[in-house]
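*Asks:* Sequence and predicted model, in that order:
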Amino acid sequence: MTTEYTTTFPMLNAGIGGSETSSPRAGDGARSEDYLWTLNFGPQHPATHTTLRLVLKLEGERVVDAMPEMGYLHSGFEKLGEHLTFNQYVTVTDRMNYISPMANNVAWHHAVEKLLGIELTPRCKYIRTIVAELARLSDHLLSNGAVGLDTGAFTFFLYAFYQREVIYDIFETLCGARFTNSYTRVGGVSQDVTPLVVEKIRTFVKTFPKTLDDMERLLTRNRIFVDRTKGVGVLTKEEAINRGATGPVARASGVTRDLRKDEPYLAYEDFQFQIACASSGDCYARYLVRMQEMRESLKIVAQAVENIPAGPVNIGIDQRTALPTKKQVYSTIEGTISHFELSMSNRGFEVPHEESYAAIEAPNGELGFYIVGDGNEAAYRARCRPPSVLHFALFPHLIRGHTLSDVVAVLGSLNIIAAELDR
Amino acid sequence: MPVDAVLESLASEFGPLETSVFRDQTRIVVPEPRSFAVFQFLKDRGFDLLVDVSCVDYLEYRGAKQRYGLVYLLAMTTTNQRLTVRVFVDDPEPTVRSVVPLWEAANWLEREVWDLFGIRFAGHPDLRRLVMPEQFTAHPLRKDYPLQGRGERHNFPVLTREDG
């Protein structure tokens, strides 16, 4: 930890009493770095939200350098992916970015289906689009709410969290689980949408814009919030691309890249929506982009929920990838055979000796899986491309020169989820 | 510039490279000594975003000739075309040139590959472990590393409140 930081910090020379000549003890051979404070932030701190650690070098209140450290939640998800079958592993993806587990489910099976060459039914595509967008809403609500909370706006956070509860309720009605949904399956989803779910989503679509307006009124032009976030943690467009930023972080810096438009997957081609972008690249821009993205997501949900195609939700039994329904198992011979074969460890899917990468636009950015198949039902290698790692690597670059109180604003606006960092 | 045109100019510059397509994804295999030059070339031709750097351990994989296959996923932010670049290295000293001078994004991604696979990146500014603790000696995502570990956890020094 000590060796990397013995370089000189040009900022020090501009600081009060920081230059070597004016320092009172310069004659003792003391260097200017010796007057720096080292502050350990985390791994357990309310404002880190999750288990991550920052070692901050401070000159007074100013952050001279930061060293992010991760690994406190490393649980070997990629190693587990080599031992669990494609359907079992979805439970693990729930625990990666636990702010929006549904998006992880969708991303994982999107990649698996690409490797296996499965085309989903239209109904399933719509349902997955709806849940992915609801996951985006819940993720942005929390991440913007947390930025508000960390900069002192508690009411804003409560407004956001109340709406997250409504989304949890929808998920609970949909699949029985509020948080760790494990909703998708290879070639389909675990439960079909019921009229009650549709009704709940419709109510949510109607009531949510009002809360969103309230939230905007509370914070978007709030003087304290704007002062705390505007011009803080500026990321230029070139830096954003070069450092691998994706999602709202990149779009707030002016990178017009969104996989929903650029390489449309699921049913995104069918909907009218826009991509929110900003150009200033600071914490405030990231907040605004997330706010606008929520409105656009709501448009997608509103269009999708009224147009869910009829028909089967899972792909047919003849393809032998999705488990047949109970009725098919008990009343048809094809259903029985298919169910039996999928449950046998030496039958199951036909996995090619190939490898492929597929990504979705997760709430945080590009979430992709690089899967290597070797004929078995479990992946030979299941690499997860997490957006948070690259965003966390941005942190020292963004915080240098700002004050200690800006640390939480920058951290919150990057939306670092430690479980996704460490996987 | 479309991917095919880039590949053509790449072939005229570096000679024919092994190219394959699977599920609409174009992949090229680059020999390790020339990898950095190829990446430099690709970056100059518009692949400005490094999406991911990862690795696959092909120990006992059917038809594999070399043990480690690095995966570089590149994309263009302007046209969103993608290209997968594979670089293969082998034991005992798997080493590849770092691409941090080209893409800063590679910094942590390469640290992670070093941590979990033990592949050295020559020219990396700060090649430390990323997720595993510094005292850890093994590289856990290698295929010869067991799922449940080798008991390293029990051998870690225990810090008590008095010692600390």
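*Replies:* Looks like it arrived, so ask away.
*Asks:* and chain B, which residues reach chain A?
*Replies:* B:22-23, B:25, B:48-52, B:54, B:56-57, B:61-63, B:71, B:73, B:77, B:80, B:84, B:103-105, B:107-109, B:112, B:116, B:126, B:129-133, B:140-141, B:147 (C-beta under 8 Å from any C-beta of the partner chain). In short, each C-beta sits where N, CA and C put it, glycine included.
*Asks:* Need the buried ones from those selected in ChimeraX.
*Replies:* In ChimeraX, this line selects whichever of the residues of chain B next to chain A come out buried by 16 or more other C-beta atoms under 10 Å in any protein chain shown:
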select /B:25,48,49,50,51,52,54,56,57,61,71,73,77,84,103,104,105,107,108,109,112,116,129,130,131,132,140,141
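*Asks:* Restricted to helices, list the residues of chain B next to chain A.
*Replies:* Members of the residues of chain B next to chain A lying in helices (criterion: DSSP state H): B:107-109, B:112, B:116.
*Asks:* how many other residues sit next to the closest residue to residue A:318 other than its chain neighbours?
*Replies:* In this structure, residue A:318 finds its nearest non-sequential neighbour in residue A:334, 7.2 Å apart by C-beta to C-beta, 6 or more residues apart in numbering or on different chains. Residue A:334: 14 surrounding residues under other C-beta atoms under 10 Å in any protein chain shown.
*Asks:* Quick check on whatever residue of chain B ends up closest to chain A: phi, psi?
*Replies:* Relative to chain A, the nearest point of chain B is residue B:105 (2.8 Å; C-beta to the nearest C-beta). Here is the backbone geometry of residue B:105 (degrees, to the nearest 10): phi -60, psi -30.
*Asks:* ok, the closest residue to it other than its chain neighbours to residue B:56 distance?
*Replies:* Spatial nearest neighbour of residue B:105, chain neighbours left out: residue A:244 (2.8 Å); criterion: C-beta to C-beta, 6+ apart. Look at residue A:244 and residue B:56: by C-beta to C-beta, to the nearest Å, they are 20 Å apart.
*Asks:* in the helix or strand encompassing residue A:164, what's buried?
*Replies:* Using DSSP states H and E, the element containing residue A:164 is helix A:154-175. Of all the residues in helix A:154-175, those buried under the rule 16+ other C-beta under 10 Å are A:156-157, A:159-160, A:163-164, A:166-168, A:170-171, A:173-175.
*Asks:* Where does the stretch 251-400 of chain A get nearest to chain B, residue-wise?
*Replies:* Nearest to chain B in the stretch 251-400 of chain A, going by C-beta to the nearest C-beta, is residue A:262, at a distance of 3.8 Å.
*Asks:* list the contacts for that residue?
*Replies:* Going by C-beta atoms under 8 Å, 6 or more residues apart in numbering or on different chains, residue A:262 touches residue B:80.
*Asks:* Now do the same for it: its pLDDT.
*Replies:* You'll see residue A:262 listed with a pLDDT of 88.
*Asks:* What of residue A:244?
*Replies:* 89.
*Asks:* Verify the contact between it and residue B:53 for me.
*Replies:* No - using C-beta atoms under 8 Å, residue A:244 is not in contact with residue B:53, being 9.6 Å away.
*Asks:* Between the two, which contacts overlap?
*Replies:* Common contacts of residue A:244 and residue B:53 (C-beta under 8 Å, 6+ apart): residue B:109.
*Asks:* where's residue A:287 relative to residue A:248, distance?
*Replies:* From residue A:287 to residue A:248 the distance is 9 Å (C-beta to C-beta).
*Asks:* same thing with residue A:348?
*Replies:* Look at residue A:348 and residue A:248: by C-beta to C-beta, they are 38 Å apart.
*Asks:* quick one: residue A:43 and residue A:86, what's the gap?
*Replies:* Residue A:43 sits 33 Å away from residue A:86, going by C-beta to C-beta.
*Asks:* next one: residue A:353
*Replies:* Applying C-beta to C-beta to residue A:353 and residue A:86 gives a distance of 16 Å.
*Asks:* Kindly report the same for residue B:92.
*Replies:* As judged by C-beta to C-beta, residue B:92 and residue A:86 stand 34 Å apart.
*Asks:* Neighbour count for these two, which is higher?
*Replies:* More crowded of residue B:92 and residue A:86, by other C-beta under 10 Å: residue A:86, with 28 against 4.
*Asks:* where's the residue nearest to that one when sequence neighbours are not counted relative to residue B:21, distance?
*Replies:* Once flanking residues are discounted, residue A:86 sits nearest to residue A:112: 4.8 Å by C-beta to C-beta, 6+ apart. As judged by C-beta to C-beta, residue A:112 and residue B:21 stand 20 Å apart.
*Asks:* more neighbours, the two?
*Replies:* Using other C-beta under 10 Å as the criterion, residue A:112 and residue B:21 rank with residue A:112 on top: 29 against 8.
*Asks:* That one is in contact with residue A:85, isn't it?
*Replies:* No - the pair residue A:112 / residue A:85 is not scored as a contact, 10.0 Å apart, by C-beta under 8 Å.
*Asks:* Return the per-residue confidence for residue A:142.
*Replies:* Reported pLDDT for residue A:142: 91.
*Asks:* what helix or strand does it sit in?
*Replies:* In the assignment (DSSP H and E), residue A:142 maps to helix A:122-150.
*Asks:* and residue B:41, what does it touch?
*Replies:* B:10, B:13-14.
*Asks:* Off-centre distance for the host helix or strand of it?
*Replies:* Per DSSP H and E, residue B:41 falls inside helix B:35-44. Taking C-alpha atoms, centre = their mean, to the nearest Å, the mean C-alpha location of helix B:35-44 is offset from the chain mean by 15 Å.
*Asks:* And it, what's buried?
*Replies:* Neighbour-count burial for helix B:35-44 flags B:35-36, B:38-39, B:41-43 (criterion: 16+ other C-beta under 10 Å).
*Asks:* I'd like the distance between residue A:54 and residue A:393.
*Replies:* Distance of residue A:54 to residue A:393, computed by C-beta to C-beta: 13 Å.
*Asks:* returning to what we had before: would you format the ones in helices among the residues of chain B next to chain A as TSV with distance to residue A:344 included?
*Replies:* Listed next are those as TSV, based on distance: C-beta to C-beta, whole Å:
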residue	distance to residue A:344
B:107	45
B:108	41
B:109	38
B:112	36
B:116	32
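*Asks:* any idea which of these is closest to residue A:308?
*Replies:* residue B:109 (38.8 Å; C-beta to C-beta).
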